[in-house]
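Novice: Here is my input; please provide its structure:
(chains A and B)
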Amino acid sequence: MAGTAIRTIRAKLNGIEVEVPEGTTILAAAEQVHLKIPTLCKHPDLPPTAACGICIVRVKGTSQMPRACCTPLEEGMEIVTHDPEIVEIRRKVLELILSKHPNECLTCGRNGTCELQRLASDFSIREQSLPYIVPDLPVDQSTRTIVLEPRKCIACGRCLTVCQDLQNVWALSFLERGIDTRMAPAGDILLADSPCISCGQCSAHCPTGAIFEYDETEKAWELLRDPDLHCVVQIAPAVRVAIGEAFGYPPGTNLTGKLYAALRYMGFDTVFDTNFGADVTIMEEGTEFVKRFQENQGELPLITSCCPAWVDFMEKYHSDMIEHFSSCKSPHEIVGVLTKTYYCEKRGLDPSKVRVVSIMPCTAKKYEIQRSDDMFASGHQDVDLSLTTRELARMIKQAGIDFASLPEGDADPMLGLYTGAGTIFGTSGGVLEAAFRTAHKLLTGEEFDAIEFHPARGLHGVKEARISVLGKEVRVAVAHGMGHVEEVLDRVRAAKESGDEPAYHMIEVMACPGGCIGGGGQPYGITDSVRKQRAAGLYRDDREREFRRSHENPYVQTLYASYLGKPLSERAHRLLHNSYKPRPTYRR
Amino acid sequence: MPAQEKDLAADVALAARKWQKKRGALIMVLHEIQGRLGYVPREIALELSKQMNVPLARIYEVLTFYNFFELEPPAKYVISGCMGTACYLKGTPQILQEFGRLLGIEVGQTTPDGKFSLTTVRCVGCCGQAPVILVNGEVKSKVSPKDVPHILAECTD
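Specialist: As a prediction, the model looks like this:
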């Protein structure tokens, strides 16, 4: 239809002329002309809930004071974003919110990163002007991954929008109404009994201390203080390009060398890298793919299984897909089990005296390390403790390390040297791209010359591509953010039911938007811009590596030559693979 | 799930099918269930979640948003004081206080033996009879605090 081009709106904000496409909110228009309207409930990832009222502005010549987050700018509008009355109203709104919020900043999990605390500071709140009516609600630590403290909830609705719409998990809801409104798992049960998959996106989006990671830093210090233990640490791909944000670096700065050095300062005896585990995952999963694709051994598409939140989601909501899952463990579990078998054997260490700590961008990894008997394949718990990026940042600060001036260190190469393929595991599309680099070699005997596989990259919710290998079409899909996975799985089911060719041959799924770089345990302040910068950091790391394909990793080659035999060998199966089972969505 | 509720699973299916095509079907189905049982048990909410393909979280959002819905079995005798303007002015709060004193509970609570619960309602539409008390929906007119022991005495098995 002609004439459907989006109309341009001309208006004024604080006297500054602005032109924006019709439908642009006052808040977005203000950003264009460098005006910062304060917000609290609004998050850049999410549609406005208009819950808090901090962002009210004035429409000149009317008595209207609309909320900038959800009100579209109209032709000819003259908006005032700041005047004494507006500021006073915003302050009153803030005081009302504070009257329902516990004054416990010093002992809060979000001390220093809380958005409410920051607003209280900006507005020079110096006294509690209204009587407290803080509800008496219990803390929920049942998952041992995510902690809910509903007393500190300001009912902004971000976590619900994330859990219900973005992630399609539906663990969290609002119960009651009005002043009694509270955030709680479906129908007042414990979070561990709910469909929660521990992805932690609620904690990454919560503006206050109502939802945060289950802190295990003290447990880590206890391990490090024990003189009888040999402590091994590994860092996930996505941690290196995000942890800098906690120390003032821009997102995407690759701090791998500094992290290795800091971990040794903290007292770890051995520093490994989960990226090495990712290279091993690719050897196993790539071989699995080739077996299914070329030799019809197993179901197609092959679906990736490195993301524990996704595995949990699948077991709870899509257990008909179990046959499609790669049986390969996630990279940090592989480093864990290899540490307590291969590494201990070669170094003459007693695995019962070795502890493995994983530094992950992820809250679900805390759940994964005990998710089934397969996580004890070494005869011990393969990974003893999993900390988030946020926890490690705090530990580095506690340890009195001046991170900025710290010289770079090295990992122990045996399970620490990694390829570019291993590092891009940390971003959406990276596992598929890394797998393709190796699968191409396995299928054709020749290297995938281009190395880089751009259709898998970027923040689009579902990415699809067709590649021709040996005259056969390979169809692949990448989904990230649990809300995007259903459409991909529906296509798989539809093709199965109608007896057609499989819709895809390989599907990569990561639970968090953007993949692990946007993980629920990463530093606060996630936006698409931050996701892009962190991903770019990993792609830069990939380009700078001496080896960019997992099968080229000399230490991976040694591992297979001297210990595992070949991918999918009996020993590889016993140590590096695991199984899945349907789990109830609700445990009560 | 008690046998009586098991039968109800079938009724849930029926109610769910009946309203399936309608927008806002969930609330109508919940009304039907509460109409039959006097409350919405967790087992039924779970069943409903499966049959209507509505997440349990959404069902409880609705159940707790509207205070009409009950999550616990009702008491044998539900005593409701009318808080409409006329009844309120004519002394419902004092009557409720007397019920509370004699039963040892507050408004919104149920006696431990499950016999009595004390609630309030908005105007029941007979302001001329104010103040009005409902016992299991039956209207008691022009009640005063000294009538309370007699009303309670009438509540026998």
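Novice: so how far is B:Met52 from the residue of chain B most remote from its centre?
Specialist: Checked against the mean C-alpha position of chain B, the extreme residue using Cα atoms, centre = their mean is B:Lys21, at a distance of 27.6 Å. As judged by Cβ to Cβ, to the nearest Å, B:Lys21 and B:Met52 stand 12 Å apart. The way it works is simple: take the backbone N, C-alpha and C, and place the C-beta from them, glycine included.
Novice: same check, this time on A:Glu487
Specialist: Noted for A:Glu487: a distance of 21 Å to B:Met52, by Cβ to Cβ.
Novice: In space, what's closest to A:Ser330 - neighbours in sequence excluded?
Specialist: If the residues on either side of it in the chain are set aside, A:Ser330 comes closest to A:Cys306, at 4.3 Å by Cβ to Cβ, 6 or more residues apart in numbering or on different chains.
Novice: Let me see the domain layout of chain B.
Specialist: By the record's domain assignment, chain B is partitioned as B:3-65, B:77-154 (automatic domain parsing).
Novice: sorry, back to before: pick out whichever of A:Glu487 and B:Met52 has more residues nearby.
Specialist: Between A:Glu487 and B:Met52, B:Met52 has the larger neighbour count (other Cβ atoms under 10 Å in any protein chain shown), namely 20 against 12.
Novice: my read: A:Gly336 touches A:Val356, true?
Specialist: Yes - if you go by Cβ atoms under 8 Å, A:Gly336 and A:Val356 touch, sitting 4.7 Å apart.
Novice: Number of residues surrounding residue 36?
Specialist: Picking chain A for this. For A:Lys36, the count of nearby residues is 10 (other Cβ under 10 Å).
Novice: Let me rephrase: I mean chain B.
Specialist: The burial count assigned to B:Arg36 is 14, neighbours taken as other Cβ under 10 Å.
Novice: so which helix or strand takes in it?
Specialist: Using DSSP states H and E, B:Arg36 sits in helix B:25-37.
Novice: for A:Val33, what are its contacts?
Specialist: Applying Cβ atoms under 8 Å, 6 or more residues apart in numbering or on different chains, one finds that A:Val33 lies in contact with A:13, A:16, A:18.
Novice: now A:Lys472
Specialist: Under the criterion of Cβ under 8 Å, 6+ apart, A:Lys472 has no contact partners.
Novice: Ramachandran coordinates for it?
Specialist: The phi and psi values for A:Lys472, taken as degrees, to the nearest 10, are phi -110, psi 140.
Novice: So what pairs up with it in the strands?
Specialist: A:Val469 (DSSP bridges).
Novice: Quick one: name whatever helix or strand follows the helix or strand where A:Trp310 lies.
Specialist: Secondary-structure element containing A:Trp310, defined by DSSP H and E: helix A:308-317. Downstream of helix A:308-317, the next assigned helix or strand under DSSP H and E is helix A:331-338.
Novice: Could you pull up the mean pLDDT of that following helix?
Specialist: Averaging the model's pLDDT scores along helix A:331-338 yields 98.
Novice: again with stretch A:282-294
Specialist: 95.
Novice: same thing with stretch A:47-63?
Specialist: Mean pLDDT, computed over stretch A:47-63, is 95.
Novice: quick one: contacts of it?
Specialist: Residues from elsewhere that reach stretch A:47-63, judged by Cβ under 8 Å, 6+ apart: A:25-27, A:37-42, A:64-70, A:77-81, A:83, A:85-86, A:89-90, A:93-94, A:97, A:119, A:154-158, A:161.
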